[in-house]
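# 3D, please:
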Amino acid sequence: MTALYNRRMPSAPRSPSSVFNPRRLDAVRFAQEGAVLEGALPLADLRRLCEDLVEGADRTVAVRWSAEGEWRAGGAGGAPQGWMHLQVEATVPLTCQRCLGAVQSPIPIDRWFRFVADEAAADAQDDDCDEDLLAIEPRPDLLAVVEDELIMGLPLVPMHDTCPDHPEALSPPRAEGTEEPTEMGGRPNPFAALARLKGKQ
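Sure, this is the predicted structure:
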């Protein structure tokens, strides 16, 4: 990341965040002025992300984010380009796939985006570059980008490092003489308890 900062071009004094609408970001001016936007919003405002939360999760928990624009000289004499540095701090309550209880999962986001003219340009360049691309038109919804990054950052199999002492409290008692279904390797099958709970409904 240090090398990226070394290519920063001189820019005008930063504009106050109030002059930019994060829902319809003027990406070129945002980058040219080296502007900064930051804020916090509750999980409840991120409806697509909420679909993955554990049942009964506290949706008032804040997601904090910041975005900084940067205007860089183009490589090999090319035209200058706009960039954005996005950082997000969030801890989301997911369902542990071992004990089926709530597990608090930190999802830190620290990414750079290069602005391109439109979605067609983003699609055309996506396979040939390492950085993330963001279309200038239609004007990007920065909060939707925050949500997209959080969804992509969700762990594939959320689990506690060490599950609570009594995860069996989540399951109805087994009939005497029966055995708990297990996965290969002898670990409890995390979906067995879920199946029993559904059977009780």
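
# any idea which residue sits dead centre in the chain?
What sits nearest the mean C-alpha location of the chain, by C-alpha atoms, centre = their mean, is residue 150, with 1.2 Å.

# Looks to me like that residue is in a strand.
No - Residue 150 is assigned helix when assessed by DSSP: H, G, I helix; E, B strand; the rest coil, not a strand.

# low pLDDT regions in this structure?
In the predicted model, the chain carries pLDDT under 70 at residues 1-18, 165-201.

# Mind doing that once more with 80?
1-18, 74-78, 126-130, 165-201 (pLDDT under 80).

# For it, which segments count as helices?
Counting by DSSP state H, the chain has helices at residues 2-6, 27-32, 47-50, 119-125, 142-152, 190-200.

# need the strands for this structure, in chain order.
For the chain, the strands defined by DSSP state E occupy 36-42, 62-72, 81-89, 91-95, 102-106, 109-118, 132-137.

# And for residue 157, the neighbour number?
Counted with other C-beta atoms under 10 Å, the neighbours of residue 157 add up to 9. Using the backbone N, CA and C atoms, a C-beta is placed for each residue, glycine as well.

# thought residue 35 was touching residue 20?
Yes - between residue 35 and residue 20 there is a contact at 6.0 Å, judged by C-beta atoms under 8 Å.

# out of the two, which sits in the more crowded spot?
More crowded of residue 35 and residue 20, by other C-beta under 10 Å: residue 35, with 24 against 21.

# Could you pull out the residues contacting both of residue 35 and residue 20?
Contact criterion C-beta atoms under 8 Å, 6 or more residues apart in numbering; residues shared by residue 35 and residue 20: residue 29.

# Skipping adjacent residues, who's closest to residue 115 in space?
residue 82 (4.0 Å; C-beta to C-beta, 6 or more residues apart in numbering).

# quick one: that neighbour and residue 34 touch, right?
No - Residue 82 is not in contact with residue 34 according to C-beta under 8 Å; the separation is 10.3 Å.

# Quickly list what's touching both of the two.
69, 70, 71.

# what sits opposite the last one in the beta ladder?
It refers to residue 71. Bridge pairing for residue 71 (DSSP bridges) gives the partners residue 82.

# close enough to count as contact, it and residue 34?
Yes - counting by C-beta under 8 Å, residue 71 touches residue 34, with 6.8 Å between them.
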